[in-house]
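Participant: return atomic coordinates for the entry below.
(2 chains)
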Amino acid sequence: QVELVQSGPEVKRPGASVKVSCKTSGYTFTDYAVTWVRQAPGQGLELMGWISVYNEDTNYPQKVQDRVTLTREISTGTVYMELTSLKSDDTAVYYCGRRGAHGAINYWGQGTLVTVSS
Amino acid sequence: EIVLTQSPGTLSVSPGERATLSCRASQRISATFLAWYQHRPGQPPRLLVYGGSIRATGIPDRFSGRGSGTDFTLTISRLEPEDFAVYYCQQYSTSLWTFGQGTKVEI
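Facilitator: Have a look, this model is predicted:
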């Protein structure tokens, strides 16, 4: 069965960087894009970007495009999200999700809490 | 960027009642690229509907989506206790997907 398993919670200082992993299994890794979405406390869902695992093409929203980088490691079936220059409003639960053939996100990781605090 | 505006912000209903959630896009999108998700606290989002009206695998038929152009709706025909959650619409018609701000369905 399809599974996405994310790395554990992180606590970071403002200005630091964080790298969250999303290990996939149960399907052909290069067949589907993976997206990252976050939810800050009391807020809605926000796209962080997505990566075409096949050719490593990426798309980022303007709000975070200077600070976020998505990469993938084919040998382990893992996608990474790195966010730099962290600010307190980056505190959120970060989810990875696999895009289905229809385009919507039909499988999700369990979420990773990233806390940014001095 | 396509902005999705959901209404109402909060919907207060009772189990067994019908709930209708609205999602309006700032520009026309094809229903092919419109999805709805359910999000319960402490869990990842769950895909309910994609392509505007196609229920995802395992989703009960009390959930139905419809719409076209700029106006889309999700209807929950008979609310069950587990349906009380936040619901988001999402468009993926452009390379930069966007979500609505969510509708909370509460008792």
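
Participant: show me which strand runs longest in chain B.
Facilitator: Ranked by residue count, the top strand of chain B under DSSP state E comes out as strand B:63-76.

Participant: just want the most central residue of chain B.
Facilitator: A centroid search over chain B (Cα atoms, centre = their mean) returns B:Trp36, at 3.6 Å, as the residue closest to the centre.

Participant: mind listing what B:Tyr50 touches?
Facilitator: Applying Cβ atoms under 8 Å, 6 or more residues apart in numbering or on different chains to B:Tyr50 gives the contacts A:Gly100, A:His102, A:Gly103, A:Ala104, A:Asn106, B:Leu34, B:Ala35, B:Ala56. C-betas here are computed from N, CA, C, even on glycine.

Participant: now name the helix or strand holding the residue nearest to the first one when sequence neighbours are not counted.
Facilitator: Taking Cβ to Cβ, 6 or more residues apart in numbering or on different chains as the measure, A:Gly100 lies nearest to A:Asn106, with 4.1 Å between them; neighbours along the chain are not counted. Here A:Asn106, judged by DSSP states H and E, is contained in strand A:105-108.

Participant: in the sheet, which strands lie alongside that strand, parallel or antiparallel?
Facilitator: Here strand A:105-108 is paired, per DSSP bridges, with strand A:92-99 (antiparallel).

Participant: which residues are contacting the partner strand?
Facilitator: By Cβ under 8 Å, 6+ apart, strand A:92-99 touches A:2, A:4, A:6, A:20, A:22, A:24, A:27, A:32-41, A:43, A:46, A:48, A:50, A:79, A:81, A:105-109, A:111-114, B:44-45.

Participant: residue boundaries of the helices in the chain?
Facilitator: I'll assume chain A. Counting by DSSP state H, chain A forms no helices at all.

Participant: hmm, I had chain B in mind actually
Facilitator: Using DSSP H, helices in chain B do not occur.

Participant: show me what contacts the residue sitting nearest the centre point of chain A?
Facilitator: In chain A, the centroid-proximal residue (Cα atoms, centre = their mean) is A:Trp36; its distance is 3.4 Å. Taking Cβ under 8 Å, 6+ apart, we find A:Trp36 in contact with A:Cys22, A:Leu47, A:Met48, A:Gly49, A:Trp50, A:Val68, A:Leu70, A:Met81, A:Tyr94, A:Tyr95, A:Cys96, A:Gly97.
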